[in-house]
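**Q** the following comprises the amino acid sequence and a computationally predicted model.
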Amino acid sequence: VDPLSSWLTYWIVIGAFTAVESVTDLFISWLPLYSLAKMLMIMWLILPQTQGHLYVYVRFLQPLIARHEKEIDAYLAKVKTQI
């Protein structure tokens, strides 16, 4: 895997994780060991030995993006014409 692609994939996954976590944090932060589980998840995503970010991207985000590619492209084209 190209290092630049790997970093881009990593930041896409971290961005999605942060977006989901900012919403769900209100509801699940009171759970015991939540902070530990969150730290372990982030470590799994970050560590090059596990390449968790690639797994999450290929398994979850890539199919989601592919399924909505036309809507994303249409929205970007609309925004581009407004700028």
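**A** Thanks, I have it.

**Q** what are the buried residues along the longest helix belonging to the chain?
**A** For the chain, the longest helix by residue count, based on DSSP state H, is helix 3-28. Residues 9, 10, 12, 13, 17 are the ones in helix 3-28 that count as buried (16 or more other CB atoms under 10 Å). To be clear about C-beta, it is placed using only N, CA and C from the backbone, and glycine gets the same treatment.

**Q** now do stretch 34-47
**A** For stretch 34-47, by 16+ other CB under 10 Å, it's residue 45.

**Q** same question, stretch 58-68
**A** For stretch 58-68, by 16+ other CB under 10 Å, it's residue 61.

**Q** so what's the predicted local confidence for the residue nearest to the spatial centre of the chain?
**A** Centrality entry for the chain: nearest residue to the mean C-alpha point is residue 13, 2.4 Å, by CA atoms, centre = their mean. For residue 13, the model assigns a pLDDT of 97.

**Q** that one: what's it in contact with?
**A** Applying CB atoms under 8 Å, 6 or more residues apart in numbering to residue 13 gives the contacts 45, 53, 56, 57, 61.

**Q** which one of the residues you listed is nearest residue 68?
**A** The closest of the contacts of residue 13 to residue 68 turns out to be residue 61 (CB to CB; 11.0 Å).

**Q** with adjacent residues omitted, what lies nearest to the residue nearest to the centre of the chain?
**A** Closest residue to residue 13 apart from its sequence neighbours, by CB to CB, 6 or more residues apart in numbering: residue 53 at 4.3 Å.
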